[in-house]
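here you go, sequence then predicted model.
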Amino acid sequence: MSSTNLDYTGKPGNPGPWNTGLCDCCSDVKTCCLTMWCPCVTFGQIAEIVDRGNTSCFVAATLYAIVGLSKWGFCLSCFYRTKMRKQFMLEKSPCDDCLVHWFCEPCALCQEHRELKIRGFNPSIGWHANMDNQQGVEVAPKVEEGMNR
């Protein structure tokens with residue numbers, strides 16, 4: 001795992017597509033099952049990575065479970081989808097973040113979890129363990145191409 005996979009783009013420009021579709025839940029059966037039986041855990045893992053460790057998985061999962069009892073959990077997860085999209089420069093797809101979470105909450109959580117995995121994170125171990133795993137990984141320096149005028 002190279003450290004460049006774990007970096008947020010932070011580059012201005014047009015948003016790009018998600019690496020997997022909203023309905024590709026079965027492409028990661030483990031995450032799909034976890035999300036169907038305990039969406040609060042999937043949400044907690046996503047929130048910890050997106051918040052760069054400022055919110056623990058336990059706190060986020062507990063908050064999601066409490067808010068979810070009132071059927072308003074989608075508002076909390078929608079906020080994190082928007083935050084994640086901005087960090088990784090992802091397009092609003094297939095529609096607005098709140099609509100995605102309102103109509104397809106489990107699918108949206110699975111998609112976000114898969115996106116983090118594809119980008120080199122292991123959401124199940126948390127932010128700090130991901131950063132510790134990154135320690136000692138040497139990345140080749142970026143070589144500039146030729147002279148520019």
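Yep, that arrived.

pLDDT-wise, which helix or strand of this protein ranks last?
helix 3-6 (a mean of 42; mean pLDDT, DSSP states H and E).

what about the protein, any weak spots by pLDDT?
The model of the chain has pLDDT under 70 over residues 1-13, 136-149.

for it, just list every one of the helices.
3-6, 29-37, 39-50, 57-69, 73-88, 97-118, 126-134 (DSSP state H).

contacting residues for the closest residue to residue 65 other than its chain neighbours?
Using CB to CB, 6 or more residues apart in numbering and skipping the chain neighbours, the partner closest in space to residue 65 is residue 40 (4.3 Å). Every C-beta, even on glycine, is put in place using the N, C-alpha and C of the backbone. Listed by CB atoms under 8 Å, 6 or more residues apart in numbering, the contact set of residue 40 reads 61, 62, 64, 65, 68.

how about a cut-off of 10 Å?
By CB atoms under 10 Å, 6 or more residues apart in numbering, residue 40 lies in contact with 57-58, 60-68, 73, 77, 109.

next: residue 111.
18-25, 27-28, 31, 35, 81, 90, 93, 100, 104.

so residue 24 touches residue 110, yeah?
Yes. With contact defined as CB atoms under 10 Å, residue 24 counts as touching residue 110 (7.9 Å).

more neighbours: which of those two?
Shown here are residue 24 and residue 110; by other CB atoms under 10 Å, residue 110 has more neighbours (27 against 15).

hmm, back to that, out of the helices of the chain, nearest to residue 14?
Nearest of the helices of the chain to residue 14, taken as CB to CB: helix 73-88 at 12.7 Å.
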